[in-house]
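[1] No sequence on hand, only this structure:
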């Protein structure tokens, strides 16, 4: 029942002792309290453990060796007791009515199993406006999720059973792990979206994962290949995913050529031809994709 469901909040952190305290306080100050707060310390060496244990006795602290943000979030999910899971990145912050607003919205829209919200962006201490490409949506949003991730982990409230059905964050992805997960979820579930900003999302620092890797599209390509290979995906969505995959391969190849990465060039040129062939001629699986004049598709059994 939504009236009495338990919410567990998972905060993954690594060497962000000061930021994580701000994040925790934003949860403790919620108008609708969280039922459980779990810190997953991904091997911090900056004294995070001492600060959390001293200042936040209500918080459940779990330490693991450094394995990355996906492994940290996954451990939080697996050790949580809540029926619903919320995430908060340790450098972000919730606004005071975040949980209250989402819980109430889910009570009023009980068919939904995942809810996210708008957000306020702070870059180098100043509020900035997101670009149009970052616009957020609700409902059946799979195709909206294809260009890049439009669901911030810090904004979501998701039913625990969703992870049992669609899997956890992919530890093989050092970044774009959220893009990968939400593709898998949004391919099959509608999303409840609240237009009101309910989180503060901070950015612009050099230690953020998104600034540590060139060629981010190679991780999105990996995620797209996974969802394209899911035999539950319908033909319209599969074609949309393949078309986006081809665009991202072209972008990545441009960067690889500038850096003279010969092995990558050969690999991604081969991928491009393979997926072009799948669109144009059909694959070697039990189904093949055929184009119609209106650029939609159908699936024909061989």
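    In hand now; what should we look at? Everything numeric in this text was worked out from a predicted model, so none of it was measured.

[2] Only C-alpha atoms from now on, for both contacts and neighbour counts.
    Noted.

[3] and the protein, what are its domains?
    Following automatic domain parsing, one finds the domains of the chain at 2-208, 217-301.

[4] ok, so what distance separates residue 120 from residue 27?
    Look at residue 120 and residue 27: by C-alpha to C-alpha, to the nearest Å, they are 17 Å apart.

[5] Check residue 132 too.
    Per C-alpha to C-alpha, residue 132 is found 29 Å from residue 27.

[6] Low-confidence bits of the protein, can you list those?
    Residues of the chain meeting the criterion pLDDT under 70: 1-4, 205-213, 281-302.

[7] 80 instead, please
    1-4, 204-214, 280-302 (pLDDT under 80).

[8] Would you mind finding the longest helix in it?
    For the chain, the helix with the greatest residue count under DSSP state H is helix 235-258.

[9] helices or strands up against that helix?
    For helix 235-258, the helices and strands in contact under the criterion 3 or more C-alpha pairs under 8 Å, 6 or more residues apart in numbering; DSSP states H and E are helix 142-145, helix 217-228, helix 262-281, strand 297-301.

[10] Switch those over to TSV; also include mean neighbour count and distance to residue 163.
    Listed next are those as TSV, based on neighbours: other C-alpha atoms under 10 Å; distance: least, C-alpha to C-alpha, whole Å:
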stretch	mean neighbour count	distance to residue 163
helix 142-145	19	17
helix 217-228	20	15
helix 262-281	14	29
strand 297-301	14	29
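
[11] now those in TSV, with distance to residue 32?
    What follows is those, written out as TSV (distance: least, C-alpha to C-alpha, whole Å):
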stretch	distance to residue 32
helix 142-145	30
helix 217-228	35
helix 262-281	48
strand 297-301	47
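
[12] Which of the ones you listed sits closest to residue 80?
    helix 217-228 (26.0 Å; C-alpha to C-alpha).

[13] what sits up against the closest one?
    Applying C-alpha atoms under 8 Å, 6 or more residues apart in numbering, the contact partners of helix 217-228 are 148, 173, 175-176, 179-180, 183-184, 233, 238, 241-242, 245, 248-249, 251-252.

[14] How about the secondary structure of the most centrally placed residue in the chain?
    With distances taken as C-alpha atoms, centre = their mean, residue 178 lies nearest the centre of the chain, 1.9 Å away. Assigned with DSSP: H, G, I helix; E, B strand; the rest coil, residue 178 falls in the helix class.

[15] my read: it touches residue 153, true?
    Yes: between residue 178 and residue 153 there is a contact under C-alpha atoms under 8 Å: 6.9 Å.

[16] Now do the one helix or strand residue 9 maps to: which elements does it pack against?
    With elements taken from DSSP states H and E, the one containing residue 9 is strand 7-13. Applying 3+ C-alpha pairs under 8 Å, 6+ apart, we find strand 7-13 packed against strand 36-41, helix 69-79, strand 84-87.

[17] strands paired with the last one, and their directions?
    In the sheet containing strand 84-87, the strands it pairs with under DSSP bridges are strand 7-13 (parallel), strand 157-159 (antiparallel).

[18] residues making contact with the last one?
    Contacts to strand 157-159, defined as C-alpha under 8 Å, 6+ apart, come from residues 83, 84, 85, 86, 87, 102, 113, 114, 115, 116.

[19] mind running it again at 7 Å?
    For strand 157-159, contacts defined as C-alpha atoms under 7 Å, 6 or more residues apart in numbering pick out 83, 84, 85, 86, 113, 114, 115, 116.

[20] again, but for stretch 134-145
    Applying C-alpha under 7 Å, 6+ apart, the external contacts of stretch 134-145 come out as 118, 150, 183, 186, 187, 190, 191, 192, 193, 240.

[21] Looking at those, spot the one nearest residue 92.
    Nearest to residue 92 among the contacts of stretch 134-145, counting by C-alpha to C-alpha, is residue 118 at 13.5 Å.

[22] just checking, the closest one is part of a helix?
    No: judged by three-state DSSP, residue 118 forms no part of a helix; its state is strand.

[23] coming back round to it: in the strand holding residue 9, what's buried?
    In terms of neighbour count (16 or more other C-alpha atoms under 10 Å), strand 7-13 has its buried residues at 7, 8, 9, 10, 11, 12, 13.

[24] Can you tell me which of those is closest to residue 272?
    residue 12 (35.7 Å).

[25] Touching, that closest one and residue 67? I think so.
    No: applying C-alpha atoms under 7 Å, one finds residue 12 not in contact with residue 67, separated by 11.1 Å.
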